[in-house]
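Participant: next comes the sequence, and after it the predicted model I'd like to discuss.
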Amino acid sequence: MGDHFEIRDQDALGRIGELTVPRAGVTVETPALMPVINPHVRTIEPSRMQSAFGAEILITNSYVFYGSDDYREEALERGLHDVLEFDGVIVTDSGSFQLAEYGEIDVTTPEILEFQRDIGSDVGTPVDVPTPPDVDRERAEDELATTQDRLAVAEGVDTGEMLVNAPVQGSTYPDLRESAGRHADATDLDVFPVGAVVPLMNDYRYGDVVDVVAGAKRGLGRDAPVHLFGAGHPMMFALAVAMGCDLFDSAAYALYARDDRYLTVRGTEQLDDLDYFPCSCPVCADHTPAELRELGDREREELLAEHNLHVTFREMRTVKQALRAGNLLELVETRARAHPAMLDGYRALLDHADLLEREDSASKGAFFYLSGESARRPEVVRHHDRLDRLALSPGDEVLLTEGGPSDRYDESWNVRAPFGPFPRDLSETYPLTAEVPDRMDAEGYRAAAEGVARLAAANPETEFTLAHRGWPEAALAAVPERVDVVDLSG
């Protein structure tokens, strides 16, 4: 793997990083959005992508240029940056999309990589096999083996300073994604797209997307830059960044505009259904929905595409600020309430708490408990793991209390949902300074009770009393019988 990526900040598995692109002579800050440019249909000119939206990087399909009489010679003669009038970083796909859609293409990995090099691409892609979701395992394994053979071929192609993608395939088998990630990471290739997830996103299977990405992340090294292919809807960004994805390509801004669809971070609206624009971008500030509907098809499509791109870039900035501030998971949780499928995705993310806990920062600004899912966050998992290692004196009597300390006991510890017990001298340390609701839910109490159980299990010869304020019986069922339980609220 090339040494082109450096992590600057981290929260959950998300990171703000710097991807150095030698051929372009620039460094791109990630997470980064790559608008997709169709050379045949430029809804928004690439030069405006840079000046009006701040795009540092975009992606186009080299196979469209390769197979086009109109564009092939022009791209070879003038170079891709001149043809597209864009002096930022240009990433090119290889034709794998056409392979997935139509079943065949007439180009090999060496041919398409050399073509990408010759037209001036900054990051090129070999011809991998994008295996769709839910195929039988034998097919997934066979096609993954083909992809890996092509990665080996790609390593032998003279690509000059062009970075090269190493796509991670494996269908909906997380173990295949993990082995594919490990194999890709062992190559000398540079960027790692998680491929063939668009069908999952189209079907709102966000939980499966998370499981696929988690599999790939388990195989890839920590400093491997990850591109989530086809994840261009802004409602996905917070979740995908929290999973450790760094690059996103968006064709949605243009494709949706063509069908009069209006993007928001909560989902997609039909222009015909809107009386008001819930946005203050230049398009929405200058037009009402009724005014936009009265425009001609081309002008309406261009303005909708501009709005879609504005909201997409704005959400990426929102995600980056949350990451920098250390409250990315709070943003993910907020976004998850926009759609049941997003909530599935967030819950799937928390199913990988071990992976999150391994990378998540141990100290941040604040922990906000927002729902029962907060009880499964990596901070709670980490605190419970530490309870297993805290040794108390055999024979001591220890009070675990939501009230004040008592001289009747050898030690008095605080206990608080969702974390459970902790020594009083840790009360002002993260995450035990958490902001939690007065009306705690059952999941929070259950997590606290599990913390009590873990401390008791780690100290079998210590006597414990739990003094709580009205914890539900269902949560208290997790507390071992040998712990004396007192309800302070009665």
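Facilitator: It's in. Residues are numbered from 1 along each chain as shown.
Participant: how about residue 447, what does it touch?
Facilitator: 375, 376, 380, 384, 417, 418, 419, 420 (Cβ atoms under 8 Å, 6 or more residues apart in numbering). Bear in mind the C-beta positions are built from the backbone N, C-alpha and C, glycine included.
Participant: surely the third one and residue 422 touch.
Facilitator: No - at 11.7 Å, residue 380 and residue 422 do not qualify as touching, with contact defined as Cβ atoms under 8 Å.
Participant: mind checking which of those two has more residues around it?
Facilitator: residue 380 (27 against 21; other Cβ atoms under 10 Å).
Participant: now the more buried one, nearest residue through space, not along the chain?
Facilitator: residue 418 (5.3 Å; Cβ to Cβ, 6 or more residues apart in numbering).
Participant: does that neighbour really touch residue 371, like I thought?
Facilitator: No - applying Cβ under 8 Å, one finds residue 418 not in contact with residue 371, separated by 10.8 Å.
Participant: when these two are compared, which one has more neighbours?
Facilitator: Using other Cβ under 10 Å as the criterion, residue 418 and residue 371 rank with residue 418 on top: 29 against 16.
Participant: mind checking how far the more buried one is from residue 447?
Facilitator: Residue 418 sits 4 Å away from residue 447, going by Cβ to Cβ, to the nearest Å.
Participant: circling back to that earlier point, among the contacts of residue 447, which one lies nearest to residue 482?
Facilitator: The nearest member of the contacts of residue 447 to residue 482, counting by Cβ to Cβ, is residue 420 at 16.3 Å.
Participant: I'd say that closest one and residue 444 touch.
Facilitator: No - look at residue 420 against residue 444 with Cβ under 8 Å: they stay out of range, at 10.2 Å.
Participant: make TSV out of the contacts of residue 447 and add secondary structure and pLDDT.
Facilitator: Formatted as TSV, the contacts of residue 447 follow (DSSP: H, G, I helix; E, B strand; the rest coil; pLDDT from 0 to 100):
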residue	secondary structure	pLDDT
375	helix	96
376	helix	94
380	helix	94
384	helix	95
417	coil	96
418	coil	97
419	coil	97
420	strand	97
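Participant: most neighbours among those, which one?
Facilitator: Busiest of these [other Cβ under 10 Å] is residue 418, holding 29 neighbours.
Participant: neighbours of the closest residue to residue 36 other than its chain neighbours, just the number please.
Facilitator: Sequence neighbours aside, residue 251 is the residue nearest to residue 36 in space, at 3.8 Å (criterion: Cβ to Cβ, 6+ apart). Using other Cβ under 10 Å, the number of residues around residue 251 comes to 17.
Participant: same thing with residue 402?
Facilitator: 17.
Participant: ok, residue 267 next?
Facilitator: Residue 267, neighbours per other Cβ under 10 Å, totals 15.
Participant: what pLDDT does the model give it?
Facilitator: Note for residue 267: predicted pLDDT of 92.
Participant: can you check the one 4 residues further on too?
Facilitator: Residue 271 is assigned a predicted lDDT (pLDDT) of 98.
Participant: where do the contact lists of residue 418 and residue 447 overlap?
Facilitator: Going by Cβ under 8 Å, 6+ apart, residues that sit against residue 418 and also against residue 447 are 375, 380.
Participant: OK, contacts around the closest residue to residue 360 other than its chain neighbours?
Facilitator: Of all residues not flanking residue 360 in the chain, residue 378 sits nearest, at 4.4 Å (Cβ to Cβ, 6+ apart). Applying Cβ under 8 Å, 6+ apart, we find residue 378 in contact with 12, 353, 356, 357, 360.
Participant: output stretch 308-319 as CSV, nothing but the C-alphas.
Facilitator: The C-alpha trace of stretch 308-319 is given here as CSV (Å, rounded to 0.1, in the frame of the first residue of the first chain):
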residue,chain,number,x,y,z
ASN,A,308,-28.8,19.0,-4.6
LEU,A,309,-25.1,19.7,-4.8
HIS,A,310,-25.3,22.5,-2.2
VAL,A,311,-27.1,20.4,0.3
THR,A,312,-24.7,17.5,-0.3
PHE,A,313,-21.5,19.6,0.2
ARG,A,314,-23.1,21.3,3.3
GLU,A,315,-23.8,17.9,4.9
MET,A,316,-20.3,16.8,4.4
ARG,A,317,-19.0,20.0,6.1
THR,A,318,-21.5,19.3,8.9
VAL,A,319,-20.1,15.8,9.3
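Participant: what sits up against that stretch?
Facilitator: Against stretch 308-319 from outside (Cβ under 8 Å, 6+ apart): 14, 31-33, 35, 44, 49, 53-55, 232, 234, 237-238, 241, 248, 250, 252-254, 256-257, 262-265, 279, 281-283, 328, 331.
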